[in-house]
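In: Sequence first, then the predicted structure:
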Number of protein chains: 2
Amino acid sequence: MPDGSDKKPSRIQRRNRRLILDAALEVFSLHGYRGATLDQIAAQAGLSKPNILYYFDGKEEIHVTLLNQLMKTWLDPLVALDPDGDPMSELLDYVGRKLAMARELPRESRLFAGEILQGAPRMGPHLRSSLKPLFDEKCAVIQGWMDDGHLAAVDPRHLIFSIWATTQHYADFAAQVEVLLEPAPADDPAGAETYLTTLFTKLLTP
Amino acid sequence: MPDGSDKKPSRIQRRNRRLILDAALEVFSLHGYRGATLDQIAAQAGLSKPNILYYFDGKEEIHVTLLNQLMKTWLDPLVALDPDGDPMSELLDYVGRKLAMARELPRESRLFAGEILQGAPRMGPHLRSSLKPLFDEKCAVIQGWMDDGHLAAVDPRHLIFSIWATTQHYADFAAQVEVLLEPAPADDPAGAETYLTTLFTKLLTP
DNA sequence: TCGTGGCTTTACCAAATGGTAAAAATTAGC
DNA sequence: GCTAATTTTTACCATTTGGTAAAGCCACGA
């Protein structure tokens, strides 16, 4: 059994696990945990359902694996916030990176959003152990910048919330955004970025 | 059969339909459409499953009824945006109303978020017919204020998106916000409002 | 070429779930 | 209080779904 073991995964194992996780990301992000079925994931992956269960212990393990895997890339932009950089450009770059992620990885964004929306039943501990320390650390950095007068003073926690909310909105609420931006979806690619840059520049300029 | 009919509903009908819708709101907002079961809704409502189906044609009709009903109250704050009022305070009041709704009606917010997150499968038409016209109308109002120099010029569409995103974030991502605001959840009640008022004041001041 | 071990399929199953039929109980109108 | 309509319960059903057992297949080293 390839899962949970400590042996090196074979080429086939790596390929199939990746196929499954990619299919699962698609299906979970589209229908939510309960809305997704193993049959859908299997069909999307081009494998049979029992074959899926040969590589993963069950539906939940697939979901958890996906979530854990996602957590890393999801936090990357925040990790990259450099305490030694220029405060304003560091934060604006952070906004830009988050917005790019929402655009480039909407499935991941929706997967994460769905999990949180339902009370983070499979991620609560992970939030405390991974996200919280990083969040506190970066809040302190931002607070330091504000104390030094490099940025206007606002609550760093709500600042980060608002960055997350505004950027992820474009991925999580895409169905709504698309309807409301009609009939000009093409003129917009820069629209959100321009707007958010203005928003946070004005907020943070001392 | 009480549903779909044109007769006046009896007292029992009104009471039970309200019980069911309230229970369904609780369950749907907590588990999503697919994650919710009729048994859960029945238990929450204190009625038997067949009795639920005596009042509604099926699970989907309950969900749609809830969504349609929600749409009205959900749009109220935007409807109340007065073209003849003072631009800045109209918009700040709008932010305040949306934030209050997120705080007071988190179940409704999550129900709506879940529906949009999954591509608005049961609300797409409604978005176009109800939300879009109102959105366009209010965008024009805001644009007018900006053209008159009463507000700093930004894209009204993205402005509204950011108001929605930042306010609803506190309801939809409550599980995350609570973890990250620890160990000081009590000091916050005004925190979000103060922050958002600053944010949009700075943005919109000409 | 022949095993051997890893991979895949076929054929299932039990539980959960949305939904129904019809009897039983309750309420409302007279 | 009696009847007719409304409401509720009991006893089901068919489908879906996560999961399993075991047989078959296939690649690769000896």
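Out: Received the coordinates, thanks. Predicted model, so just to flag it, every value in this text is computed and none were measured.
In: got the residues of chain A near DNA strand D?
Out: Contacts of chain A with DNA strand D, taken as C-beta under 7 Å from any atom of the strand, map to A:A36, A:T37, A:L38, A:D39, A:K49, A:P50, A:L53, A:D57, A:G58, A:K59, A:E60. From N, CA and C alone the C-beta is placed, and that goes for glycine too.
In: Identify the residue nearest A:A174 in space, chain neighbours excluded?
Out: A:P106 (6.3 Å; C-beta to C-beta, 6 or more residues apart in numbering or on different chains).
In: So which bits of the helix or strand of chain A with the lowest mean pLDDT are buried?
Out: Across the helices and strands of chain A, mean confidence by mean pLDDT, DSSP states H and E is lowest for helix A:124-126: a mean of 89. Neighbour-count burial for helix A:124-126, counted by 16 or more other C-beta atoms under 10 Å in any protein chain shown, picks out A:G124, A:H126.
In: which strands and helices sit next to it?
Out: Secondary-structure packing of helix A:124-126 (3 or more C-beta pairs under 8 Å, 6 or more residues apart in numbering or on different chains; DSSP states H and E): helix A:59-79.
In: Can you name the element that comes right after the helix it packs on?
Out: Next along the chain after helix A:59-79, taking DSSP states H and E as the criterion, comes helix A:87-104.
In: Could you list the residues in contact with the helix or strand following that following helix?
Out: Following helix A:87-104 in sequence order, the next helix or strand is helix A:106-117 (DSSP H and E). Residues from elsewhere that reach helix A:106-117 (C-beta atoms under 8 Å, 6 or more residues apart in numbering or on different chains): A:25-26, A:28-30, A:32-33, A:66-67, A:70, A:73-74, A:101-102, A:121-123, A:168, A:171-172, A:174, B:32, B:110, B:113-114, B:117, B:172-173, B:175-176.
In: hang on, the earlier thing: so how far is the least confident helix or strand of chain A from its chain's centroid?
Out: Computed by C-alpha atoms, centre = their mean, to the nearest Å, the chain-centroid distance of helix A:124-126 equals 15 Å.
In: how about the longest helix seen in chain A, does it reach DNA strand C?
Out: Ranked by residue count and defined by DSSP state H, the top helix of chain A is helix A:11-35. Yes - under the criterion of C-beta under 7 Å from any atom of the strand, DNA strand C is reached by helix A:11-35 at A:I12, A:Q13, A:N16.
In: Quick one: mean pLDDT over the helix or strand following that helix.
Out: Downstream of helix A:11-35, the next assigned helix or strand under DSSP H and E is helix A:38-45. For helix A:38-45, mean pLDDT rounds to 95.
In: try stretch A:198-206
Out: In the prediction, stretch A:198-206 has an average pLDDT of 96.
In: got the phi/psi numbers for the residue in chain A that DNA strand D sits nearest to?
Out: Going by C-beta to the nearest atom of the strand, DNA strand D is nearest to A:G58 of chain A, at 3.1 Å. Note on A:G58: backbone dihedrals following degrees, to the nearest 10 are phi 170, psi 180.
In: Tell me how many other residues surround it.
Out: The local packing of A:G58 (other C-beta atoms under 10 Å in any protein chain shown) involves 12 other residues.
In: Out of the residues of chain A next to DNA strand D, which comes closest to DNA strand C?
Out: Set against DNA strand C, the nearest of the residues of chain A next to DNA strand D by C-beta to the nearest atom of the strand is A:P50 (3.6 Å).
In: Can you tell me the SS state at that closest one?
Out: State at A:P50, reduced to three classes by DSSP: H, G, I helix; E, B strand; the rest coil: helix.
In: Please consider this matter closed, and thank you.
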